[in-house]
Each structure stands twice: as C-alpha cells, then as structure tokens.
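**Q** I would like the atomic coordinates for the input below:
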Amino acid sequence: MRFFYTCVFRLLLPLVLFRLYWRGIKAPLYRQRWQERLGYYAHPFSGRSIWFHAVSVGEAEAALPLIRLIQQRYPHEQILVTTTTPTGSARIQSVLGDSVAHVYLPYDLPAIIQRFLKQFRPKLAVFLEKEIWPNLFAALGQQEIPLYVINARLSARSARAYRKIPALVKPALAQIKLIATQTEADKNQFLSIGASDTQLAVLGNIKFDITIAPEVLAEGKQLKQQWGDRFVWIIASTHQGEESQLLAHYPRLKAQIPQLLVVIAPRHPERFATVKIGCEKQGLRVVMRSEQKAVTPDCDVYIADSMGELKMLLAAADVAFVGGSLVDVGGHNVLEPAAAGVPVLFGPIMFNFQLIAEQMLQHQAARQCQDAAAVADAVLALAADPQSRQRLAEQASAFLAANQGAIERIVAVLSPFPL
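**A** Just a heads-up that it's a prediction; the model follows:
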C-alpha cells in the first residue's frame, strides 16, 4: 500500500507544487523557501538534532514552552523545528530566532526524506497532535530514530477517514514509540485506527501550559491606555465570513456602547487588506496597526495586520471573541484570552477544541454564543456589568491553572533518551 501511495504522490507532485505557487499569489510567503519542501537547504547543518514538528501557528504556539524547557534543561542540544505553513514558520522564527534551526517539513517522498534526514540527522523526532506520514515514519523506523507524537488528538471524523486506509495507517503507527494523547477519548480514537495500547498514554494538553510574559501583558495595558477611555472588543483569529456577520451588529453595539472600539485580528495575513475593505464598505473608520497611526475617538475598527502580537492585543481588550467558531473551521485556542485575563466568548462550531470548550462552560469560564446576534448580546451584557466581566475572567484563569502540567509529564517521558 505504501508503494502505491508513493507512486500517486510522485505523480501528483507537480500539482502540489503548482498549488503552492497558486497560494503564493495571495500569500507570497508560500513561494519563499519552497526548495526546503523538496529537501534542499540554503545552509549546512552540523551535528545531530532534537526535531520538533508543528504544522501551523497553533501547534507552534503550543510547542514553544516545551521547546524552551528542553533548551533550558539540555543547553548543549541542537534543536530543529519544522512547520508546514508560513504562519507557523513566522511564529517560530520571531520567538526562537537563531536559537533553533528551522525549515519546512519535507514532502513525504523517500528521496526527499533521505536528503532531509542526511542533512539534520535527528536523534529524536517529536510530532505534535496527529500528523501521520507513511514514508517519513518508515524512514525514521529504518534509521532507529525514536518517534513520539505528543499532545495527540484525533476527532471521530478524522478517525473514520484513517480507518478507510488501514494498510497505510497501521504500519505508520507501528513506527511510533509513544502517542501521548490529550484525553482518554483521544486515546480510544487512536486505538480504533490501529495503535496498540502499549503505545498510548494520556498525558494531557500542553496548550494549558500557555504563559504570557509580564512585559507582553504590560505592553497590552499600555496600548489600551493610549486608546483612551474605549471599551475594547477583540475579534481574534477570524476567518472569511465571520467579520461581516459580527460587524452587522456594530450599529446596535455602538448605540449602547458609545466608546466601543473593535479590534480585529484575522487568522491569515493574506486577508488583512480584504478585511479592511469590508469594514470600509460598511462605512466604518479603520486604522491598521502597521500604519502606526493614533486611534482617535472617531475610529471604529483597529485591524491587527501583524503576526505574533495576539497575546499582547488580548491583554489590551475588555472582552474577546475567538474566531473560527461561526464558520465551519472548528474554533481556535480559547485558552489564550484566558491566560491574558480577558473574558472569553466563542461561537457554536468548536470541534477542534470541543472538550476544552465544554469544560470551560461547565466551570463558567467562558460563554458560548449560537450566532453573531448572540455574540453581540453577550458583549452588551458584559459591557454593562464590570463585575460579571471580572468574574468570568477570574474563572477562566482558575480553570487554566487547574489543568496545567502536561509539559513536565512529556519531558519526563522524553528524558530517558540521550539528550
């Protein structure tokens, strides 16, 4: 089966590269460093590495505290971090800089993988969440490189898809030394697609170990002071269609909260200009963060057309709505606003963070809204009741603190290897 998969991948590679080029029309970063995806690198790498793979910005953000802890405890080790998307790449580079080597994940073809492994010679491979690459995992097994999948999660929908190709999935899973799942339910899903019980351990979700540096929080508070006496509602990690749904209620909100300032942080940089145009078509006055202009009292919307600043902007807010939850994306990280001490709202579609969302609701640490009108109602209610805002934020912070510790458990599992 893997031979057939490899042949199909080889035939499709020109289309894969064309898609990369096409995506680069809207997001030029996709056209940069594309040779890395084929196993060709601009700079040599000497020595062996501990290799972490995080697909995109969400996984990269979750991996950062773990990587920092490994660097602190094993300062002599060289760290390699791969990502798949430019947003993930940008986050790794902006936070870790030259303290790690970073390239894009190579395509899953044997010759490409061999070039990658020869270049970086990983002594240990650590993948986040649910990445399964048959040729890559087989090559790691052949070279006796221990492979871990950590913070692993697997939805019922993904499990059903994997069960349709057992001849491809089961041999790949067999190469993994340990799958550290977030929950017991995730463990059961991995069992259902062919993992063995001895490979699995429930170690929790490292996203709970999120930290926001005091200086970042202070920067956010300072920015809020610059904006004056504004009630700041941040709409974070939004996707196409969400801004228009929410801003349709702006006139009603503005009538009842005259000092309202809406901060929009789109999930993908290629949408920055589109979001601005959409706001202006609604007659809203917009300031882009990149313009470095003052936010005057007549400004309606502040668009965060920057990367890596979401935590700081959350710290500048009075209430946060987490996007990807009004459209069929599945939601984004609702723990970031909790860590920033901001009341958390999200929409009805949260399958990517279903358990966390359910637990936050059970602990009255967030509010779920069934549509954009309900989001606007929740913003109005919280704006009118500062005590409710404070209580919701405190309960979110307490919920976050009560669930931390997964990173220490994962480091304990990895430490028996010669790091």
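**Q** which residues touch the residue positioned nearest the centre of the chain?
**A** Geometric centre of the chain, nearest residue: Gly58, 0.8 Å, by C-alpha atoms, centre = their mean. For Gly58, the contacting residues are 332-333, by C-beta atoms under 8 Å, 6 or more residues apart in numbering. For glycine as for every other residue, the C-beta is placed from the backbone atoms N, C-alpha and C.
**Q** report pLDDT for it.
**A** pLDDT recorded at Gly58 is 86.
**Q** give the buried residues for the helix or strand harbouring it.
**A** Element membership for Gly58, per DSSP states H and E: helix 57-73. Buried positions in helix 57-73, judged by neighbour count with 16 or more other C-beta atoms under 10 Å: 57-68, 70.
**Q** do stretch 279-296 as well
**A** For stretch 279-296, by 16+ other C-beta under 10 Å, it's 279, 284, 286-289, 295.
**Q** again, but for stretch 25-32
**A** Neighbour-count burial for stretch 25-32 flags Tyr30 (criterion: 16+ other C-beta under 10 Å).
**Q** on that earlier part again, after the helix holding Gly58, which helix or strand is next?
**A** Counting by DSSP H and E, what follows helix 57-73 is strand 78-83.
**Q** determine how far the helix or strand following that following strand lies from the middle of the whole chain.
**A** As assigned by DSSP H and E, the chain's next helix or strand after strand 78-83 is helix 86-96. Chain-centre distance of helix 86-96: 11 Å, with C-alpha atoms, centre = their mean, to the nearest Å.
**Q** residue numbering should commence at 12 henceforth.
**A** Done: numbering now begins at 12, and the last item shifts to helix 97-107.
**Q** buried residues in helix 97-107, which are they?
**A** 97-104, 107.
**Q** so Gln415 touches Asp220, yeah?
**A** Yes - taking contacts as C-beta atoms under 8 Å, Gln415 lies within contact range of Asp220: 5.2 Å.
**Q** the two - which one has more neighbours?
**A** Between Gln415 and Asp220, counted using other C-beta atoms under 10 Å, the more crowded position is Asp220 (22 against 17).
**Q** list the contacts for the more buried one?
**A** Contacts of Asp220 (C-beta under 8 Å, 6+ apart): 76-77, 415-418.
**Q** Glu405: which of those is nearest?
**A** Distance ranking of the contacts of Asp220 against Glu405, using C-beta to C-beta, places Gln415 first at 16.3 Å.
**Q** okay, and the closest one sits in which element?
**A** Assigned by DSSP H and E, Gln415 belongs to neither a helix nor a strand.
**Q** distance of it from Leu158?
**A** According to C-beta to C-beta, to the nearest Å, Gln415 stands 26 Å off from Leu158.
**Q** Val92 too?
**A** Val92 is 16 Å from Leu158, where distance means C-beta to C-beta.
**Q** name the residue most distant from the centre of the chain?
**A** Farthest out in the chain is Ala266, which, by C-alpha atoms, centre = their mean, sits 34.9 Å from the centre.
**Q** end-to-end on stretch 136-152?
**A** 11 Å (C-alpha to C-alpha, to the nearest Å).
**Q** the stretch 12-161 of the chain: strands as residue ranges?
**A** Using DSSP state E, counting those that start in this stretch, the strands of the stretch 12-161 of the chain run over 60-64, 89-94, 112-115, 133-139, 158-163.
**Q** distance to Thr192 for those strands - can I get that in CSV?
**A** Converted to CSV, the strands of the stretch 12-161 of the chain look like this (distance: least, C-beta to C-beta, whole Å):
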stretch, distance to Thr192
strand 60-64, 17
strand 89-94, 22
strand 112-115, 26
strand 133-139, 12
strand 158-163, 5
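**Q** follow-up on the earlier one: among the buried residues of stretch 290-307, which are located in helices?
**A** Among those, the members falling in helices are Cys290 (criterion: DSSP state H).
**Q** for Ile123, grab the count of nearby residues.
**A** Ile123: 19 neighbours (other C-beta under 10 Å).
**Q** right, and it touches Lys129 too?
**A** No - using C-beta under 8 Å, Ile123 is not in contact with Lys129, being 11.0 Å away.
**Q** just to revisit the earlier point, of the contacts of Asp220, closest to Ala376?
**A** Gln415 (14.1 Å).
**Q** phi, psi for the closest one please.
**A** Main-chain dihedrals, Gln415, degrees, to the nearest 10: phi -80, psi 160.
**Q** and Val274, that one's in a strand?
**A** Yes - under DSSP: H, G, I helix; E, B strand; the rest coil, Val274 sits within a strand.
**Q** the closest residue to it other than its chain neighbours: what secondary structure?
**A** In this structure, Val274 finds its nearest non-sequential neighbour in Ile245, 4.2 Å apart by C-beta to C-beta, 6 or more residues apart in numbering. Recorded secondary structure, Ile245: strand (three-state DSSP).
**Q** so for Ile245, what's the pLDDT?
**A** For Ile245, the predicted pLDDT is 98.
**Q** and what of Pro429?
**A** pLDDT recorded at Pro429 is 57.
**Q** same question, Arg42
**A** Arg42 is given a pLDDT of 89.
**Q** now do Cys290
**A** Cys290 carries a pLDDT value of 96.
**Q** could you give the bridge partners of Ala191?
**A** With DSSP bridges as the criterion, Ala191 is bridged to Ala212.
**Q** that one contacts Leu214, correct?
**A** Yes - judged on C-beta under 8 Å, Ala191 makes contact with Leu214 at a distance of 4.2 Å.
**Q** so how far is Pro97 from Glu253?
**A** Distance, Glu253 to Pro97, by C-beta to C-beta: 21 Å.
**Q** I'd say the residue nearest to Val274 and Gly334 touch.
**A** No - applying C-beta under 8 Å, one finds Ile245 not in contact with Gly334, separated by 10.1 Å.
**Q** follow-up on the earlier one: among the strands of the stretch 12-161 of the chain, which is nearest Gly342?
**A** strand 158-163 (16.4 Å).
**Q** so after that closest one, what's the next helix or strand?
**A** Per DSSP H and E, the first helix or strand lying C-terminal to strand 158-163 is helix 167-174.
**Q** buried residues in that following helix?
**A** Buried residues in helix 167-174 (16+ other C-beta under 10 Å): 170, 173.
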